[in-house]
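[1] Build me a model:
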Amino acid sequence: MTDNAKNTPAADGLILVLGATGKTGRRLVTRLRDQGRAVRAASRSGETRFDWYDRATWAPVLDGVTALYLVGPPEPGPIADFVDRAAAAGVRRFVVLSARGIEVFGDSFEPSMAEAERVVREAGVDWTVIRPNNFSQNFDEDIFADALREGRLALPVGDVPEPFIDVHDIAEVAAALLTEDGHTGRVYELSGPRALSFAEAVAELAQAWGRPMRFEHITADAYTAELTAAEVPAAPARALADVLAWLTEGHNATPTTGVRDVLGRDPRDFSEYAKTSAP
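    Alright, predicted model coming up:
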């Protein structure tokens, strides 16, 4: 925690968590409730229905809220109007989930995250942005999981290292930012403590999980072709391939101090994630 951390009126009120069924959102909801906080968990299919593209759902989720965890929609269109509505409804603290490297790739790869950052900065509210590296949990919960179950993860990422971050750390940081003072106007880059290549990560997982798995570097074109063959639409397939290929430039390769800056401790190591995520 920061030395000047203390509860504020925003933190003591109702906290709205968007994307509450997602990897960071559901862990954040659990952590806040374990702390005795009042939380409204909102998503399209969760406890409280919220849909970025159904504006009739906006007012109910914002009623009585003083702090908000903002996970943007797939497209940036509704973000500005929603943030204006939230500020007018009395939300005073915004914590925005963004991505490390957004200042470099910005609208090219993640226009929604870039827009969310821009909007909250201009909204006249208490805002903080978190920019994490690739999630460790992507290997067992998300985009890499099916490939690993089949024993081969093929990506256009080369051998540039990545300091993968455990989403539990992201949730703990977000909880602190939502409930403590001292973080207004700050951008925290969040990473794990150690950078390792995707090949090294897969090797650690293979050992921890006790199953044969290998990593293979392929081109962005080949990766796009594999995704489309698996019935992923062409546009998002290419976008994901381009994001992964961008990692080879090394912008995100160096571990950061963001987790320690907020929590006063080192982030969890990838090896801990590998052991605890074993099927």
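
[2] Every contact and neighbour count from this point should use C-alpha atoms.
    Fine.

[3] Please enumerate the strands of the stretch 101-250 of the chain.
    Ranges of strands in the stretch 101-250 of the chain, per DSSP state E, counting those that start in this stretch, are 126-132, 152-155, 186-190, 214-217.

[4] So which of those is the most surrounded?
    Ranked by mean neighbour count, those are led by strand 126-132 with a mean of 23 (mean count of other Cα atoms under 10 Å).

[5] In its sheet, which strands sit next to that one, and in what direction?
    Strand 126-132 pairs in its sheet with strand 93-97 (parallel), strand 186-190 (parallel), by DSSP bridges.

[6] Pull up the gap between E200 and L153, please.
    Plainly put, E200 is 12 Å away from L153 if you go by Cα to Cα, to the nearest Å.

[7] Counting neighbours, what do you get for the closest residue to A145 other than its chain neighbours?
    Leaving out its chain neighbours, the residue that sits closest to A145 by Cα to Cα, 6 or more residues apart in numbering is F139, at 5.0 Å. Residues lying near F139 (other Cα atoms under 10 Å) number 21.

[8] Model confidence for F139, exactly?
    Here, the pLDDT recorded for F139 equals 97.

[9] helices and strands of the chain: which one bottoms out on pLDDT?
    helix 9-12 (a mean of 58; mean pLDDT, DSSP states H and E).

[10] and the next element down the chain from that helix?
    strand 14-18 (DSSP states H and E).

[11] Which of the strands paired with strand 126-132 sits closest to P60?
    strand 93-97 (17.7 Å; Cα to Cα).

[12] now the closest one: mean pLDDT?
    pLDDT averaged over strand 93-97 gives 98.

[13] start the count at 15, not 1, going forward
    All right, first residue 15 from here; so that's strand 107-111.

[14] what does it contact?
    Residues from elsewhere that reach strand 107-111 (Cα atoms under 8 Å, 6 or more residues apart in numbering): 24, 80-86, 127, 130-131, 134, 139-145, 188, 191-192.

[15] Which positions within that strand qualify as buried?
    107-111 (16 or more other Cα atoms under 10 Å).

[16] now the angle from it to strand 28-32?
    Angle of strand 107-111 versus strand 28-32, following axes from the mean of the first three to the mean of the last three Cα atoms, to 10 degrees, is 20 degrees.
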